[in-house]
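J.: give me a model of this one.
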Amino acid sequence: MINHTLLQNRLGHVFNDVTLLQQALTHRSHSILHNERLEFLGDSVLNCVVASMLFQKYSMIDEGDLSRLRANLVKQQSLYEIALRLELAQFLRLGEGELKSGGFRRPSILADTLEALIGAIFLDGGFDVARDVILGLYLPIIETVDPATLGKDAKTLLQEYLQSKKISLPTYTVTATHGVAHNQEFEVECSIPKLSIKVCGTGRSRRAGEQEAAKMAFDAALTMLVKSPAKKRKSKPRTGQLRLAGIAEQTEETAAIK
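T.: Numbers count the residues shown, from 1 in each chain. Coordinates of the predicted model:
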């Protein structure tokens, strides 16, 4: 039996209408009363709250950069990571086919369910309650956001960094895949020959694997270029120095004769 109390404690909201919670957790493969309409509503509430949060926190960032940062925070991968933190998979209501194919681990299903939960909380407690839940989920993430990156993903950051150093762009190669269809894990290698960097990332999709590999390569490149001091060029002795050196040698020879 699903322990809804545990999930509600993690979310920070106790439902007055538990049927809303049950519907939010129900995938369309399970029954007709599924969570897609709640997902639509939750998506809008989430975007509004995150936009407000960013607007207040970053007063010097313009509209375009705020939009990119918001998009990064509400994209599927970000929602999926929050869902994993909530251990949302154990509360899903899936049809038999989705259960067999590993739907409870699929990023799209987990991300959509999180949005549906936000929609259900909005209907159950109102906007202020939904906002407080979203703030509780996102504040730990917001505190680690570097506004200088403006929500750019790891591949973009790595590319821009290498271009600024006039280093050739990295290559990405899928080295292995594991698992069955709809539940695969990809191993992707990121290589930067000039820096002798070769790292491997994994993900539920090729893109996710590339992003993880890019992040590892970016960290390695930063560490390498920061630790490597610029080679000092040997300065040629000036003419005056050569003359003084010659005088000194002559003085030493004269002293030795005497």
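
J.: CA atoms of stretch 100-109 as CSV?
T.: The C-alpha trace of stretch 100-109 is given here as CSV (Å, rounded to 0.1, in the frame of the first residue of the first chain):
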residue,chain,number,x,y,z
LYS,A,100,7.1,-3.9,-17.0
SER,A,101,9.0,-1.4,-19.1
GLY,A,102,10.4,0.5,-16.1
GLY,A,103,8.2,3.5,-16.4
PHE,A,104,8.7,4.4,-12.8
ARG,A,105,12.4,5.2,-13.7
ARG,A,106,11.6,7.2,-16.8
PRO,A,107,12.6,10.9,-16.5
SER,A,108,9.6,12.2,-18.5
ILE,A,109,7.1,10.4,-16.3
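
J.: average pLDDT for it?
T.: Regarding stretch 100-109, the rounded mean pLDDT is 82.

J.: stretch 71-83 too?
T.: 90.

J.: kindly report the same for stretch 139-154.
T.: 76.

J.: just stretch 118-131 next, same as before
T.: 97.

J.: which SSE is the residue nearest to Leu86 when sequence neighbours are not counted in?
T.: Closest residue to Leu86 apart from its sequence neighbours, by Cβ to Cβ, 6 or more residues apart in numbering: Arg10 at 5.1 Å. (C-beta placed from N, C-alpha, C; glycine too.) For Arg10, the host element (DSSP states H and E) is helix 4-11.

J.: who's in contact with that helix?
T.: 14-15, 18, 21-22, 86-88, 91, 117, 121, 133, 136-137 (Cβ atoms under 8 Å, 6 or more residues apart in numbering).

J.: likewise stretch 193-212?
T.: In contact with stretch 193-212 (Cβ under 8 Å, 6+ apart) are residues 77, 105-107, 153-155, 167-168, 170, 172, 174-175, 184-192, 213-217, 220-221, 224-225.

J.: just the buried subset of those, written out for ChimeraX, thanks.
T.: For the buried members of the contacts of stretch 193-212, the matching ChimeraX selection, counting by 16 or more other Cβ atoms under 10 Å, is:
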select :77,105,106,107,153,154,155,170,172,186,187,188,189,190,191,192,213,214,215,216,217,220,221
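
J.: now stretch 191-204: buried residues?
T.: Ser191, Ile192, Leu195, Ile197, Lys198, Val199, Cys200, Gly201, Gly203, Arg204.

J.: and it, how far out from the chain middle?
T.: Averaging C-alpha positions (Cα atoms, centre = their mean, to the nearest Å) puts stretch 191-204 17 Å from its chain's average.

J.: in PDB, list the C-alpha atoms belonging to that stretch.
T.: Output of stretch 191-204 as PDB, limited to C-alpha atoms (Å, rounded to 0.1, in the frame of the first residue of the first chain):
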ATOM      1  CA  SER A 191      37.500  13.900 -25.500                       C
ATOM      2  CA  ILE A 192      39.700  17.000 -25.600                       C
ATOM      3  CA  PRO A 193      43.000  15.900 -27.200                       C
ATOM      4  CA  LYS A 194      44.900  19.100 -26.800                       C
ATOM      5  CA  LEU A 195      44.400  18.900 -23.000                       C
ATOM      6  CA  SER A 196      44.700  15.100 -22.800                       C
ATOM      7  CA  ILE A 197      41.300  15.000 -21.300                       C
ATOM      8  CA  LYS A 198      39.100  11.900 -21.800                       C
ATOM      9  CA  VAL A 199      36.200  11.300 -19.500                       C
ATOM     10  CA  CYS A 200      33.000   9.200 -19.500                       C
ATOM     11  CA  GLY A 201      29.500  10.200 -18.400                       C
ATOM     12  CA  THR A 202      26.400   8.200 -18.100                       C
ATOM     13  CA  GLY A 203      22.700   9.100 -18.500                       C
ATOM     14  CA  ARG A 204      19.200   7.800 -19.400                       C
END
